[in-house]
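Undergrad: here are the coordinates; sequence isn't available:
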């Protein structure tokens, strides 16, 4: 590595960065699971998806009409890429704003277009929280408008920053391995294993948070 951030550099070739092909691996592996005999792993994954569908349906409300499957698929895509980045020499696509903004921005724009066209009064009412004094109403409209505009940015930055932070910490500790005495090396290995377990938890939590927040944003426009 030339510097600390070399592992996040997608440019492996001039025309098409081969690192981004790791994001497309899900389209190779996932369809094969439909031809396998049902086993415990597939049954567990099916139960997870059903529970996510029921939870997202509760968050959106009675007008969900199948839109929960969009967020379940979004959760699966982000979770797959987060876990894939934990393997050595595999590029982490979700650590880049190019991918996270590609997921967050079209969702937010579609929610806004749908809300302002179909529920204009409802969207205007969201700009002023209930019980706001008349003097503070202009300020609350500005604050709510800004907080609404930065939503896709916060979704994208939260996911990318959490992925980068854990990988950088693992890289920093791993680079100190050749420089420390052998007596402390076992402590470093235990720390790395614990950090890897923590990163696995972060991969699940961040994909869940991204999907749940997208669901909550969609429930506000219906």
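TA: Sure, I can see it. This one's a predicted model, so the numbers in the text were calculated from it and none came from an experiment.
Undergrad: Need phi/psi at residue 119.
TA: Main-chain dihedrals, residue 119, degrees, to the nearest 10: phi -130, psi 60.
Undergrad: so how many other residues sit close to it?
TA: Per other C-beta atoms under 10 Å, the neighbour tally for residue 119 reads 15. Heads up, the C-betas are built off the backbone N, CA and C, glycines and all.
Undergrad: And the pLDDT at it?
TA: pLDDT recorded at residue 119 is 83.
Undergrad: May I ask you to confirm that it is in contact with residue 222?
TA: Yes: between residue 119 and residue 222 a contact is recorded at 7.1 Å, counting by C-beta atoms under 8 Å.
Undergrad: Give me the buried positions along the lengthiest helix in the chain.
TA: Longest helix of the chain, by residue count under DSSP state H: helix 182-219. Of all the residues in helix 182-219, those buried under the rule 16 or more other C-beta atoms under 10 Å are 195, 199, 202-203, 206-207, 209-215, 217-219.
Undergrad: Closest to residue 56 out of those residues?
TA: residue 215 (4.9 Å; C-beta to C-beta).
Undergrad: Would you map the strands across this structure?
TA: Counting by DSSP state E, no segments of the chain form strands.
Undergrad: Quick check: which ranges of it have low pLDDT?
TA: 1-7, 12-16, 33, 63-65 (pLDDT under 70).
Undergrad: ok, residue 174 touching residue 192?
TA: Yes: using C-beta under 8 Å, residue 174 is in contact with residue 192, at 6.7 Å.
Undergrad: Tell me which two of the buried residues of helix 182-219 sit farthest apart.
TA: Pairwise over those, using C-beta to C-beta, the maximum falls at 195 and 219, 35.3 Å.
Undergrad: just checking, residue 11 touches residue 18?
TA: No: when contacts are counted by C-beta under 8 Å, residue 11 is not listed as touching residue 18 (9.6 Å).
Undergrad: show me what contacts residue 11?
TA: Taking C-beta atoms under 8 Å, 6 or more residues apart in numbering as the contact definition, residue 11 lies against 17, 19.
Undergrad: what separates it from residue 195, distance-wise?
TA: Counting by C-beta to C-beta, to the nearest Å, the gap from residue 11 to residue 195 is 27 Å.
Undergrad: cool, residue 141 as well?
TA: Distance, residue 141 to residue 195, by C-beta to C-beta: 44 Å.
Undergrad: And residue 221, by the same measure?
TA: 39 Å.
Undergrad: repeat for residue 166
TA: Counting by C-beta to C-beta - residue 166 and residue 195 are separated by 7 Å.
Undergrad: cool, residue 140 as well?
TA: Counting by C-beta to C-beta, the gap from residue 140 to residue 195 is 42 Å.
Undergrad: residues touching the closest residue to residue 119 other than its chain neighbours, list them.
TA: Closest residue in space to residue 119, ignoring its immediate chain neighbours: residue 221 at 6.3 Å, by C-beta to C-beta, 6 or more residues apart in numbering. Contact analysis of residue 221 by C-beta under 8 Å, 6+ apart lists 111, 112, 114, 115, 119, 122, 123.
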